[in-house]
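K.L.:
The sequence and its predicted three-dimensional model are supplied below.
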Amino acid sequence: MIDIEVWSDVACPWCYLGSRRLEQAIAASGAEVSVTWKSFQLNPAAAGRVAHNTLLMGKFGVSEEQVHQMNQRLVNLGEDVGIEYRFETYISVNTLDVHRVLHLARDRGLGTAAHDRMFKAQFTDGALMDDHDVLVGLAIEIGLDEAEVRSVLESDAYADAVRAEQSEAAALGASGVPFFVLDRKYGISGAQPVELFTQALERAQEAVRA
């Protein structure tokens with residue numbers, strides 16, 4: 001069994017791409033794995049809602065046309081792994097509450113299903129990911145209890161866990177996401193090609209058998 005830890009943020013389109021590429025690599029390698037999704041906020045100080053294109057124009061000092069070109073690259077890459085990016089409807093928000101719901105999902109054995117659904121909601125459905133009713137609806141879809149989800153969102157449950165995992169990533173040398181760690185021996189930064197993930201899995205398998 002290979003233990004894979006993945007630090008990601010639902011606000012990160014490259015994390016969505018990386019998750020699909022890892023999924024394909026696992027299927028191709030036939031490796032027996034356990035995947036644990038961990039929290040990393042790209043912008044923990046984010047306040048309010050900002051259109052994705054507007055955010056990128058301000059962050060990188062680029063034109064709207066340049067942002068469209070950046071987006072199109074991801075659209076093309078996403079098509080290769082079955083992702084439909086719709087950046088025109090993507091609204092950037094503070095993702096702390098999403099991460100707190102994801103922690104609950106992980107505790108209930110639904111971590112991967114929750115991440116898949118939250119990514120699709122963010123990048124394909126154009127959902128407002130700081131809206132508690134939206135998060136509750138998504139959580140119910142993947143099998144969480146409505147009352148339990150609302151209880152988490154109405155409190156500060158898991159907030160310390162989110163921050164602790166962000167600090168853990170920094171201690172391991174991660175300055176951004178996605179960040180993948182296999183058996184605490186092999187680190188992969190970024191949404192690398194499927195072939196690279198497959199090679200890393202093969203090395204990890206060889207180490208287990210040694």
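P.N.:
Yep, that arrived. Owing to the predicted nature of the structure, the values given are computational and were not obtained by experimental measurement. Numbering: from 1, shown residues only.
K.L.:
Can you name the residues that contact the nearest residue to A11 once chain neighbours are set aside?
P.N.:
Nearest residue to A11 in three dimensions, chain neighbours excluded: T95, at 5.1 Å (Cβ to Cβ, 6 or more residues apart in numbering). The C-beta positions use only the backbone N, C-alpha and C, and glycine is treated the same way. By Cβ atoms under 8 Å, 6 or more residues apart in numbering, the contact set of T95 is 9-11, 41-42, 46, 129-130.
K.L.:
For those residues, give me JSON lines that also has distance to V81 and pLDDT.
P.N.:
Listed next are the contacts of T95 as JSON lines, based on distance: Cβ to Cβ, whole Å; pLDDT from 0 to 100:
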{"residue": "D9", "distance to V81": "18", "pLDDT": "97"}
{"residue": "V10", "distance to V81": "17", "pLDDT": "96"}
{"residue": "A11", "distance to V81": "19", "pLDDT": "94"}
{"residue": "Q41", "distance to V81": "24", "pLDDT": "95"}
{"residue": "L42", "distance to V81": "21", "pLDDT": "92"}
{"residue": "A46", "distance to V81": "27", "pLDDT": "90"}
{"residue": "M129", "distance to V81": "21", "pLDDT": "97"}
{"residue": "D130", "distance to V81": "27", "pLDDT": "96"}
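K.L.:
Show me which of those residues are buried.
P.N.:
Among those, those classed as buried by 16 or more other Cβ atoms under 10 Å are 9-11, 41, 46, 129-130.
K.L.:
With respect to V67, which of these is nearest?
P.N.:
Using Cβ to Cβ, A11 comes nearest to V67 of those, at 15.6 Å.
K.L.:
mind listing what the closest one touches?
P.N.:
41-43, 92-93, 95, 122, 129.
K.L.:
now swap in A204 and tell me
P.N.:
Applying Cβ under 8 Å, 6+ apart, we find A204 in contact with 2, 31, 182-183, 185-186.
K.L.:
in stretch 174-194, what counts as buried?
P.N.:
174, 177-183, 186, 188-189, 191-192, 194.
K.L.:
which residue packs closest to A28, ignoring adjacent ones?
P.N.:
Nearest one to A28, counting by Cβ to Cβ, 6+ apart, is T198 at 5.4 Å.
K.L.:
give me every residue that touches that neighbour.
P.N.:
Counting by Cβ under 8 Å, 6+ apart, T198 has contacts 25, 28-29.
K.L.:
Kindly report the same for A127.
P.N.:
Here A127 is in contact with 121, 134, 138 (criterion: Cβ under 8 Å, 6+ apart).
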